[in-house]
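[1] Predicted model and sequence follow; I will ask about them next.
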Amino acid sequence: MNKAESWLEKALNYRFQNAELFQQALSHRSATRRNNERLEFLGDAVLDFVVSGAVYQACPGAAEGDLSKLRALLVRDTSLAELANEIGLGEHLILGSGEQKTGGHRRESILADALEAIFGAIFLDSGYDAAKKVIDRLYGQRYSNLPDITELRDPKTRLQEWLQGRKMELPGYELVEVSGEDHKQRFAVTCTVAEISAITSGESTTRRKAEQKAARKMLEILAEKGR
């Protein structure tokens, strides 16, 4: 058993029957043509299904829209990257030299994609029940600590209402970068609140999601300042 396989068994209590699938799940497109993009696609779908069932069971009185928000909170890139960091996934990623030099093993999007790819690989290796067991094991604490539904409102809306309630100027959002291929672009934006000289950033697969991330970070800054 190599180092990565030993890590996986310890972190997620899983051992691959097909070691090549695991190797592929860890491989970023910068490293090889046989990379984890297809596995990520599959893992994303498996993760959505498993988490949907979990929040449905955990919140019997919640409306469909609220269940969707809870699921989105759990499966967003930020949450996935946090989970990946907690289990030490980054040090086992297989990256091209460019990504290695620029710290790709710490990049949120790369970590999130790789974790989804592992879920997809486990699904192919052992089936749905095995993938569900791994996902539930990893998400256990988060299932138990789901936020109140009122906290799930759109962060851009919450930021706007917060500023309006204090008669402050509304935030400004600026698109600063679009990267990636046409079928898989990533958008980077900034959110600025001039009155407190604060700027935050967000990156995601759509401009709207990137703005949401930047707005959420701004709300966190405002909370820390006790405003």
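    Sure thing, it's come through.
[2] quick one, domains of this protein?
    Using automatic domain parsing, the domains assigned to the chain come out as 3-146, 155-225.
[3] ok, and for stretch 148-156, which residues are buried?
    Across stretch 148-156, burial judged by 16 or more other CB atoms under 10 Å covers 149, 152, 155, 156. Using the backbone N, CA and C atoms, a C-beta is placed for each residue, glycine as well.
[4] For it, measure first residue to last.
    Stretch 148-156 stretches 18 Å from its first residue to its last (CA to CA, to the nearest Å).
[5] Strands of the protein, start to end?
    For the chain, the strands defined by DSSP state E occupy 172-179, 186-193, 198-204.
[6] just the ones you listed: most buried one?
    Mean neighbour count, computed with mean count of other CB atoms under 10 Å, is highest for strand 186-193 among those, reaching a mean of 20.
[7] contacting residues around stretch 126-143?
    Residues outside stretch 126-143 that contact it (CB atoms under 8 Å, 6 or more residues apart in numbering) are 12-14, 17, 43, 46-47, 50-51, 54-55, 58, 74, 79, 83, 87, 119-120, 122-123.
[8] Tell me how far that stretch lies from the chain's centre.
    16 Å (CA atoms, centre = their mean, to the nearest Å).
[9] Then stretch 118-130?
    Offset of stretch 118-130 from its chain centre (CA atoms, centre = their mean): 19 Å.
[10] Leaving out chain neighbours, which residue sits closest to the residue most central in space within the chain?
    A centroid search over the chain (CA atoms, centre = their mean) returns residue 77, at 1.6 Å, as the residue closest to the centre. Excluding its sequence neighbours, the residue lying closest to residue 77 (CB to CB, 6 or more residues apart in numbering) is residue 112, at 4.2 Å.
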